[in-house]
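Peer 1: Fold the following for me, if possible:
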Amino acid sequence: MEERLKRIEAALVALEQSFQALEVRVGSLEQRAVLGEEPSLPSAPTSLSTASVAPVPPAALNVIALTGMGFLALAGAYLLRALTESGTFAPRIGILVGLAYAFGWFTMTARRRGADIAATFHGGIACAIAFPLVWEASTKFRLLNASAASLAAGAVAAAALLVAARRRLQALAWIGATATIGLALALMIATDRVLPFALLTIALGIVTLWLGYVREWLLLRWPVAFVADVLVAGAAFRVVAGNDAESAALVAIVALLLPTAYLIAIIVRTLVRGRDVIPFEVTQAVCALGVGLGALIAMARHVTYGSDFVAWGALALGGACYGVAILFLARRQGSKANLVFYTSIGLILVIVSVALMASDSAIVFGGIAVATAVMAAKSPLWLPAVHTAVYTAAATVTSNLISIAAPRFFGATIDGTPLTRAAALAALAAAASFVLTGREDRTQLGRIARFVILLPGVLGAGAWVVSALAETPRSGTAGFDAGVVATIRSVVIAATVILAAAFARLDRGREAGWLVYPLLALGGVKLIVDDIPHSLPATLFVALAAYGIALIVAPRLRSGWSAVGT
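Peer 2: Predicted coordinates for the structure are as follows:
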């Protein structure tokens with residue numbers, strides 16, 4: 001054994017001397033190429049004419065020398081592999097020595113001075129040694145499980161990208177990133193695990209994102225982000241399909257980590273470097289949110305996981321986005337693009353977090369709508385009003401206000417069950433938000449938002465009045481009078497039209513005027529399909545009189561309101 005080790009040491013020393021001699025030769029050739037000198041070639045035999053020997057271009061000599069160095073490097077790698085397979089090195093020691101050998105080439109790349117081609121070549125050799133070594137350590141020698149293989153691949157990728165960033169070697173960055181992605185996909189298939197390699201690609205995506213910021217390498221981050229999105233979606237799909245190889249709770253955390261990591265990087269760039277959001281940031285933020293939140297929603301329907309933890313995380317991130325928009329951007333930069341981006345992301349995250357966390361989300365959404373309405377009252381921008389409209393709509397949907405209130409205006413019967421607490425609070429929140437958001441200088445988009453806010457309030461108030469006036473037994477009993485209820489509905493609609501027309505004359509109630517003619521048309525249709533078939537002459541007289549008064553009074557009240565802005 002001692003004799004064999006001496007022979008191995010002698011071989012390694014000879015290999016090292018060859019590397020050093022070759023490096024001196026390549027450096028000499030590069031220096032002469034820079035100085036414009038002809039390289040010194042071996043003297044031709046005296047029997048040959050010097051004119052018959054064509055000079056070799058320096059670039060060709062460099063390529064030949066680098067190719068030779070590449071073969072020597074691979075020879076060293078195969079020597080280490082042979083020593084490992086023969087039992088001279090234990091597999092674990094052989095893998096560590098091989099990785100050290102590869103990282104030695106990364107060190108040579110970082111320290112090398114001269115042409116970028118040679119440095120890129122050295123880094124490519126390191127990648128060609130290290131990534132296959134990680135593959136064999138995981139699949140052939142079974143020394144690394146999926147998580148350890150992911151960490152090893154991440155370490156190699158970090159070394160490659162660090163050297164590439166330091167030496168400004170964009171080609172090496174592409175080699176390292178694409179090799180990492182290829183290895184991750186191959187190991188994912190071989191180990192039947194997705195989550196460790198999804199984490200690897202997320203980390204790689206953030207690194208390439210910052211390389212785009214600091215080195216202007218703009219294209220590299222796109223394929224890495226795409227692979228990260230796909231792997232997270234694949235992990236969630238496996239959980240939904242019933243594959244228990246991945247923990248549902250861990251997949252949920254990674255699904256939230258995907259948008260969180262990218263958003264934090266984007267926020268740091270926005271605040272520290274004072275830049276506007278760019279197309280990649282918008283695209284990847286939307287894709288990451290769609291994949292991450294979509295995965296959480298899909299898994300919530302099939303498996304149980306730590307939804308409260310994820311919900312609180314989403315709420316914290318959404319609050320951070322709102323904070324960036326309000327506290328920093330609006331005061332320091334005032335960029336509309338940044339305001340729209342961060343507030344929109346915050347809106348999505350808050351809605352998802354409340355839907356996951358709150359047992360009665362309609363009440364929470366109604367409270368948030370009122371809070372944003374207070375902000376809208378003090379802001380000349382249309383964004384707070386739009387967010388108020390979205391939160392009002394969320395409260396309306398989650399409280400089932402429409403399905404509860406609509407039967408009180410239409411149908412042959414009426415359910416005597418009162419409005420639920422959630423539906424009533426959603427309607428009250430909508431009415432309060434409409435009043436709070438009133439401004440004379442509201443933009444057209446802000447007015448549309450206020451109209452959306454108004455609708456649930458009007459629907460809830462009208463339904464409550466119909467229920468209070470009807471006071472009928474539950475449908476199906478003998479005491480139900482469809483004609484009386486139809487007349488009450490018509491009177492409520494007529495009164496709502498007149499009130500909307502009167503409120504439209506105020507500066508803070510212009511959007512209420514948009515209800516006048518649609519409600520008049522609705523009332524006319526209702527008279528034909530509901531009142532006439534069900535009402536007695538006495539009750540039909542009341543309905544027709546109320547509708548006639550509304551037709552006369554409402555348009556005249558509304559005509560006093562200037563048509564500007566309608």
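Peer 1: three-state assignment of residue 312?
Peer 2: helix (DSSP: H, G, I helix; E, B strand; the rest coil).
Peer 1: residues touching it, list them.
Peer 2: 353, 357 (CB atoms under 8 Å, 6 or more residues apart in numbering). For the C-beta atoms, the positions are set from N, CA and C on the backbone; glycine is no exception.
Peer 1: Swap in 7 Å and give it another go.
Peer 2: Shown in contact with residue 312 (CB atoms under 7 Å, 6 or more residues apart in numbering): residue 357.
Peer 1: cool, and residue 384?
Peer 2: Contacts of residue 384 (CB under 7 Å, 6+ apart): 372, 375, 376.
Peer 1: same question, residue 282
Peer 2: Neighbours of residue 282 in contact, by CB under 7 Å, 6+ apart: residue 341.
Peer 1: Which helix or which strand is home to it?
Peer 2: Taking DSSP states H and E as the definition, one finds residue 282 inside helix 279-300.
Peer 1: number of nearby residues for the spatially closest residue to residue 532 that is not a sequence neighbour?
Peer 2: Closest residue to residue 532 apart from its sequence neighbours, by CB to CB, 6 or more residues apart in numbering: residue 540 at 6.8 Å. Residue 540: 18 surrounding residues under other CB atoms under 10 Å.
Peer 1: any low-confidence regions in the stretch 351-500 of the chain?
Peer 2: 411-418, 439-442, 471-480 (pLDDT under 70).
Peer 1: Spell out, range by range, the strands that occur in it.
Peer 2: Read by DSSP state E, counting those that start in this stretch, the stretch 351-500 of the chain holds no strands at all.
Peer 1: Break the chain down into its domains, please.
Peer 2: Per automatic domain parsing, the structural domains of the chain span 1-33+59-193, 362-469, 481-566.
Peer 1: low-confidence ranges in the stretch 51-200 of the chain?
Peer 2: 51-63, 113-115.
Peer 1: Please enumerate the helices of it.
Peer 2: 58-85, 91-111, 116-139, 146-167, 170-191, 195-215 (DSSP state H, counting those that start in this stretch).
Peer 1: Kindly reformat those as a markdown table containing mean neighbour count and distance to residue 393.
Peer 2: Formatted as a markdown table, the helices of the stretch 51-200 of the chain follow (neighbours: other CB atoms under 10 Å; distance: least, CB to CB, whole Å):
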| stretch | mean neighbour count | distance to residue 393 |
| --- | --- | --- |
| helix 58-85 | 16 | 62 |
| helix 91-111 | 18 | 55 |
| helix 116-139 | 22 | 50 |
| helix 146-167 | 21 | 42 |
| helix 170-191 | 20 | 40 |
| helix 195-215 | 23 | 33 |
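Peer 1: so who does the closest residue in space to residue 454 that isn't next to it in sequence touch?
Peer 2: Leaving aside its sequence neighbours, residue 454 sits nearest to residue 434 (CB to CB, 6+ apart; 4.8 Å). Neighbouring residues of residue 434 by CB under 7 Å, 6+ apart: 450, 453, 454, 457.
Peer 1: Of those residues, keep whichever come out buried.
Peer 2: 450, 453, 454, 457 (16 or more other CB atoms under 10 Å).
Peer 1: In TSV: those, plus distance to residue 513.
Peer 2: Below are the buried ones among the contacts of residue 434 laid out as TSV (distance: CB to CB, whole Å):
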residue	distance to residue 513
450	12
453	15
454	11
457	15
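Peer 1: that older thread, reformat the contacts of residue 384 into TSV and put distance to residue 267 and neighbour count next to each item.
Peer 2: Below are the contacts of residue 384 laid out as TSV (distance: CB to CB, whole Å; neighbours: other CB atoms under 10 Å):
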residue	distance to residue 267	neighbour count
372	21	27
375	20	18
376	24	28
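Peer 1: Kindly indicate which of those residues lies nearest residue 387.
Peer 2: residue 372 (4.9 Å; CB to CB).
Peer 1: show me what contacts the closest one?
Peer 2: For residue 372, the contact set (CB under 7 Å, 6+ apart) comprises 384, 387, 388, 391.
Peer 1: Now with 10 Å, please.
Peer 2: 322, 343, 347, 379, 383-392, 433, 436-437 (CB atoms under 10 Å, 6 or more residues apart in numbering).
Peer 1: measure the closest residue to it other than its chain neighbours to residue 376 for me?
Peer 2: Computed as CB to CB, 6+ apart, the closest residue to residue 372 that is not its neighbour in sequence is residue 388, at 4.4 Å. Noted for residue 388: a distance of 6 Å to residue 376, by CB to CB, to the nearest Å.
Peer 1: Model confidence at residue 319, what's the number?
Peer 2: Per-residue pLDDT puts residue 319 at 91.
Peer 1: For the residue nearest to residue 372, give its distance to residue 350.
Peer 2: Taking CB to CB, one finds residue 388 at 13 Å from residue 350.
Peer 1: who touches both of the two?
Peer 2: What both residue 388 and residue 350 touch, as defined by CB under 10 Å, 6+ apart, is the set residue 368.
Peer 1: Please say which of those two ends up with more neighbours.
Peer 2: Shown here are residue 388 and residue 350; by other CB under 10 Å, residue 388 has more neighbours (31 against 24).
Peer 1: Just give me the neighbour total for residue 273.
Peer 2: 9.
Peer 1: what's the closest residue in space to it that isn't next to it in sequence in contact with, if anything?
Peer 2: Nearest non-adjacent residue to residue 273, counting by CB to CB, 6+ apart: residue 213, 7.4 Å away. Counting by CB under 10 Å, 6+ apart, residue 213 touches 221, 265, 266, 268, 269, 273, 275, 278.
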